[in-house]
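Asker: 3D, please:
(one chain, ligands or ions: 1)
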Amino acid sequence: MGLDHGVVGHEGPAYEHTWTAKDTMLYALGVGAGTSELEFTTEKGQRVLPTFAVLAAQSPGRRLGDFDRAMLVHAEQAFELFRELPAAGGVRTSSTVTGIYDKGSGALVTSEARAVDLRTGEPVIVSRSAVFIRGEGGFGGERGPRDDWALPDRAPDHKITYATRPEQALIYRLSGDYNPLHSDPEFAGRAGFDRPILHGLCTYGVTGRALLHVLAGSDPSRFKAMSGRFTSPVFPGESLTVSIWADGPEVLFRTAKDDGTVVIDRGRATITPG
Ligand SMILES: C/C=C/C(=O)SCCNC(=O)CCNC(=O)[C@H](O)C(C)(C)COP(=O)(O)OP(=O)(O)OC[C@H]1O[C@@H](n2cnc3c(N)ncnc32)[C@H](O)[C@@H]1OP(=O)(O)O
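Answerer: Numbering: from 1, shown residues only. This is a model prediction of the structure:
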C-alpha cells in the first residue's frame, strides 16, 4: 500500500485526443451554460468555453500507487491557453507527475500536461493540476511550494451568481469523468460525503463562464489563463458566487457557496483587454 514516489519526473506516453462540436456543446451544458449562451451550446457560430482546455489536455491518469480512490480529490487546477480552441479539433498531450508533497493530512500530487495541435504541432495548452489524497500524508516528504496569493482588502469589483442544477454532475460526467464520487451515493458515502459531490472541474467551468462573460465580453480569444485551488466540496444544486477583483489583465477571484464557504480560493486569471 502507499504512493509510488518513483513516478515523479517521468513523462508519460503521448496521448492523442480529438473532440467534436457535440463534445464542446455537451461540455458547455455540463458547466451550466444554457439558452442565454447559445454561441457555446448550439452549432450556430459555435465557440468553445476556455475552460474546455483542461479537458482537451487530459490524458489517462498515471498509476500513482495503491490507495483508496475514494480518498482522492481534485485540489488545484491551472491552464494557459495559447489560442482559442476550435469547436472540433485535436491535440497531442504529454504529461508528467511533477511532485508528491507531504501535507500531513494527505499527499498532494502535482502534474503538468502540454498539448500541441495534432496537425501543426503548435503549442495550444499547458495544464497544471494537483490531487489531494487524504490519509496518504505523513511520509516525511517536503511540504511543497507556497504561493503569495492574498485577498485584496477591498470589496470585489464584480460579483456574479450562477445556479447549478441538482443533476449537474450527471450532465457534466458525460464529458468523460465517470468517477462514481459524483454519481453513486454509496461510493460518495465511503468517501465521507452525505451524497455525491460536484466535479471540481464543473465548479471550475461555472467559474470560468463568470470570468468570461464579466471580464472578456464573452470572447474566448481574450481568455488566456486561469488557476485556482479547490477548498471545499460543492453539492449539485448549490449556487456559486464568483467574486472578482480586476485592476487590469491580471485578475484575482474566489468562488463561494450561499453560506459563504469558499470552494475555489486563490483564483487568478489573465484576460486581455478588448
Ligand atoms: C477525483 C475527484 C475529483 C473531484 O472533482 S473532487 C471535487 C473537487 N475537489 C474538492 O471538493 C476538494 C475540496 N478541498 C478539500 O476538501 C480540502 O481542501 C482538502 C481535503 C483537499 C484538504 O483539506 P485538509 O486536509 O483539511 O487540509 P488543510 O489542513 O486545510 O491543509 C493541509 C495542507 O494542505 C494544503 N492544502 C489544503 N487544501 C489544498 C488544496 N486544495 N490544494 C493544495 N493544497 C492544499 C494546505 O495549504 C496545507 O499545506 P501547507 O501547510 O503546506 O500550507
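Asker: what sits against Leu211?
Answerer: Residues near Leu211 by C-beta atoms under 8 Å, 6 or more residues apart in numbering: Phe223, Met226, Val242, Ile244, Val251, Phe253, Ala269, Ile271. Any C-beta I mention is one placed from the backbone N, CA and C, and that applies to glycine too.
Asker: give me the phi and psi angles of it.
Answerer: Backbone torsions of Leu211, given as degrees, to the nearest 10, read phi -60, psi -40.
Asker: now do the helices in the stretch 1-150 of the chain.
Answerer: 21-30, 38-41, 52-56 (DSSP state H, counting those that start in this stretch).
Asker: Phe79: which of those helices is closest?
Answerer: Nearest of these to Phe79, taken as C-beta to C-beta: helix 52-56 at 4.8 Å.
Asker: from Ser239, how far off is Gly61?
Answerer: From Gly61 across to Ser239, the span is 31 Å (C-beta to C-beta, to the nearest Å).
Asker: how about low-confidence regions in this structure?
Answerer: In the predicted model, the chain carries pLDDT under 70 at residues 1.
Asker: please redo it, this time with the cut-off set to 90
Answerer: 1-2, 10-13, 59-63, 69-70, 147, 191, 247-250, 273-274 (pLDDT under 90).
Asker: ok, Met25 touching Phe40?
Answerer: Yes: Met25 lies in contact with Phe40 (C-beta atoms under 8 Å); the separation is 7.4 Å.
Asker: what residues does the residue of the stretch 151-274 of the chain found nearest the ligand make contact with?
Answerer: The stretch 151-274 of the chain approaches the ligand most closely through Gly200 (2.8 Å), counting by C-beta to the nearest ligand atom. Residues in contact with Gly200 (C-beta under 8 Å, 6+ apart) are Val73, His74, Gln77, Phe230.
Asker: got the phi and psi for it?
Answerer: phi -60, psi -40.
Asker: which residues of the stretch 51-200 of the chain lie near the ligand?
Answerer: 72-76, 103-106, 108, 130, 132, 134, 143, 146, 179, 181, 197, 199-200 (C-beta under 6 Å from any ligand atom).
Asker: what kind of secondary structure is the residue most central in space within the chain in?
Answerer: Closest residue to the average C-alpha location of the chain: Leu201 at 3.7 Å, with C-alpha atoms, centre = their mean. The three-state label given to Leu201 by DSSP: H, G, I helix; E, B strand; the rest coil is helix.
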